[in-house]
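*Asks:* here's my sequence, what's the structure:
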Amino acid sequence: MITLEDCVGLCGLTEEEVLAIAEHEHLPEIAATALAEYLLSQEHGSEKVLDMIVDDIRQAQLIRGGDQEHVVTLLHVLHHFLKTHPEARPSHHPWSKRF
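*Replies:* The predicted model follows:
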């Protein structure tokens, strides 16, 4: 039987990155691994993953005056993602956009 760990290992992202996708898309973790693998195989897919992580950060900042612990966790996820997927790096900082 294939496990969640196996799926995470095959999708090209870390568990934390998969959790960010699951949070953003309101999916079970196993489904998020499939979405991650699909997105990373598409042109501009890594940019879509980046957008999901950034959206998660924005949401965490808005909830109850800001869930700072979750924001910091997601910032670490963002940092690692950009380090391992440089093609997704934006030419500007997307988190500085105004709502």
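
*Asks:* following element in sequence after the helix-or-strand element of the chain with minimal mean pLDDT, please.
*Replies:* Least confident helix or strand, the chain: helix 4-11 with a mean of 84, by mean pLDDT, DSSP states H and E. Once the chain leaves helix 4-11, the next helix or strand it forms, by DSSP states H and E, is helix 15-25.

*Asks:* using CSV, list the CA coordinates for the helix or strand just after that next one.
*Replies:* Scanning forward in sequence from helix 15-25 by DSSP H and E, the next helix or strand is helix 29-40. Only the C-alpha atoms of helix 29-40 are listed here, as CSV (Å, rounded to 0.1, in the frame of the first residue of the first chain):
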residue,chain,number,x,y,z
GLU,A,29,-3.0,15.9,2.1
ILE,A,30,-3.0,12.9,-0.2
ALA,A,31,-4.9,14.9,-2.8
ALA,A,32,-2.6,17.8,-2.4
THR,A,33,0.4,15.6,-3.3
ALA,A,34,-1.3,14.7,-6.6
LEU,A,35,-2.1,18.4,-7.3
ALA,A,36,1.5,19.3,-6.4
GLU,A,37,2.9,16.7,-8.8
TYR,A,38,0.5,17.8,-11.5
LEU,A,39,1.3,21.5,-11.1
LEU,A,40,5.0,21.0,-11.1
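
*Asks:* for the helix or strand just after helix 29-40, buried residues please.
*Replies:* Scanning forward in sequence from helix 29-40 by DSSP H and E, the next helix or strand is helix 45-62. By neighbour count on 16 or more other Cβ atoms under 10 Å, the buried set for helix 45-62 is 45-47, 49-50, 52-58, 60. (C-beta placed from N, C-alpha, C; glycine too.)
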